[in-house]
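Novice: fold the stuff below for me.
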Amino acid sequence: MKKKEIKIEYFEYDNISELDLRDVTLINSAKEAIRSSYSPYSNFSVGAAVRLANGEIIIGSNQENGAYPSGLCAERVALFAAGSQFPGVAIEAIAIAANAKNGLRKEPVVPCGACRQVMLEYEKIGKRNMKVIMYGENDSCYITKDVKSILPFAFDGGFLK
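Specialist: Presented below is the predicted three-dimensional model:
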């Protein structure tokens, strides 16, 4: 038996003023997307924004349904919208923000496993790394340089061949 470790690299920022203006704009778009969330069951409203290589920003918000799990996460709404509106255009970055019952989450929000898997697919489609920006209250955030950083032992289409 061999014991091995998986380490991930991410950056933690206490304030978004430390970030590039393009990333601040993306975070603000994700925060704005929260407004269109339909989340009457969980009361957990999520907004996501993706920045494409052509400069376009596409937003999405979580959409719930009384017949769980018929809803869809904000990240996948934004990614699928980007893929349908701009097929083949690489995604540079995704930003995610969320409100719980009492306002913005204090800790940066992280994507679920299903969203991470879809994000990985869009990295593959775009043939480039996708920066992942996870935003929290008080302008704190975690940033990874790619999706694989938050999805170790990733499953991809290579397994299906």
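Novice: name the next helix or strand downstream of the helix or strand bottoming out on mean pLDDT in the chain, please.
Specialist: Between all helices and strands in the chain, the lowest mean by mean pLDDT, DSSP states H and E belongs to strand 103-104, at a mean of 64. Using DSSP states H and E, the next helix or strand after strand 103-104 towards the C-terminus is helix 113-126.
Novice: give the other helices and strands that the very next helix or strand once past that next one contacts.
Specialist: Using DSSP H and E, the next helix or strand after helix 113-126 towards the C-terminus is strand 131-135. Identification of packing neighbours for strand 131-135 by 3 or more CB pairs under 8 Å, 6 or more residues apart in numbering; DSSP states H and E yields helix 21-33, strand 91-100, strand 141-144. (Glycine included, C-beta is placed from N, CA and C.)
Novice: which other residues reach strand 131-135?
Specialist: By CB atoms under 8 Å, 6 or more residues apart in numbering, the residues outside strand 131-135 that reach it are 16, 23, 26-27, 30-31, 92-97, 108-111, 119, 141-147, 149-150.
Novice: ok, it: who's next to it in the sheet?
Specialist: On the basis of DSSP bridges, the sheet neighbours of strand 131-135 come out as strand 91-100 (parallel), strand 141-144 (antiparallel).
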